[in-house]
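Visitor: Requesting a structural model of the entry that follows:
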Amino acid sequence: MSRADGERDTYQEFTEAVNMKPGELQKWLETDESKHVGWRKGTKGGESVGHESGRRIIELLRRKRDQLSEADFRHMRKVVGYVRRHMAQRPSGDVRATRWRYSLMNWGHDPVKAPLPPPGGPSRKALRRHGAPPKERRGPGR
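Guide: Next up is the predicted model:
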């Protein structure tokens, strides 16, 4: 696999794992719930690893794909791994007000939210309004 293929796959996996928009994630990171979950490295009371990651995710989401560095792609792979591992540990019952959900949200993934549609496709709002588009579209004169 070439480097470009690996970056393309990483980018796709990242956009599938992160289902929060940059503004939505930024607003979440300002809440008390966000600031009180996660593992803190270094001094007591410092910023959690997930909270720090959330700030970096916002930056990544706001950049164009061709502006991403190798370090950015490494962080994207870290985010994908975190989301996958924690989704596999989903607790039973209602998870809306759990530390498990809040921790995932710090990493840009809200588990109670529908996944984002793939980039370049119809928006989530359009899908709710109109349903999924037909598999094959017919062009003019066909």
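
Visitor: which residues touch the most centrally placed residue in the chain?
Guide: Among the residues of the chain, the one closest to the centroid is V18, at 1.0 Å (C-alpha atoms, centre = their mean). Counting by C-beta atoms under 8 Å, 6 or more residues apart in numbering, V18 makes contact with I57, L61, V79, V83, W107, G108, H109, L116. From N, CA and C alone the C-beta is placed, and that goes for glycine too.

Visitor: most surrounded residue in these?
Guide: Within those, most neighbours by other C-beta atoms under 10 Å means G108, with 28 neighbours.

Visitor: now, among the contacts of V18, which is nearest to H51?
Guide: Nearest to H51 among these, counting by C-beta to C-beta, is W107 at 9.4 Å.

Visitor: the strands in the chain, which residues?
Guide: For the chain, applying DSSP state E gives no strands.

Visitor: Quick check: pLDDT value at R3.
Guide: Per-residue confidence (pLDDT) for R3: 75.

Visitor: again, but for G46
Guide: Value listed for G46 in the pLDDT field: 74.
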